[in-house]
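> Build me a structure from this.
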Amino acid sequence: MQNKLRKSSRDRAIAGVCGGIAEFFGMSSFAVRLIFIFLPANLIIYIILANAVPDSPPSL
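I've put the predicted structure just below:
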């Protein structure tokens, strides 16, 4: 099964975008959040990803 980019249901600070990216690439969500802080257009990119990336399926 292929790993798909989805918002994280476990590691959510605001919308789960950074947690989902961290799970997809197998890295720390803290590192992904630091990268987003230092990007020039971070707010615009985050808003686009928050709307475009699907939610992860609910788990029990």
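
> what residues are up against Gly16?
7-9, 55-56 (Cβ atoms under 8 Å, 6 or more residues apart in numbering). (C-beta placed from N, C-alpha, C; glycine too.)

> between those, which is closest to Ser29?
Nearest to Ser29 among the contacts of Gly16, counting by Cβ to Cβ, is Ser8 at 7.6 Å.

> Can you give me the pLDDT of that closest one?
Ser8 carries a pLDDT value of 86.

> For it, which non-adjacent residue is closest in space?
Gly19 (3.1 Å; Cβ to Cβ, 6 or more residues apart in numbering).

> which other helices and strands contact the helix or strand that contains that neighbour?
Here Gly19, judged by DSSP states H and E, is contained in helix 17-25. Under the contact criterion of 3 or more Cβ pairs under 8 Å, 6 or more residues apart in numbering; DSSP states H and E, helix 17-25 touches helix 29-38, helix 42-52.

> Point out the most buried one among the ones you listed.
helix 29-38 (a mean of 14; mean count of other Cβ atoms under 10 Å).

> can you give me the angle that helix makes with helix 17-25?
120 degrees (axes from the mean of the first three to the mean of the last three Cα atoms, to 10 degrees).

> Which elements pack onto helix 29-38?
Short answer (3+ Cβ pairs under 8 Å, 6+ apart): helix 29-38 packs on helix 17-25, helix 42-52.
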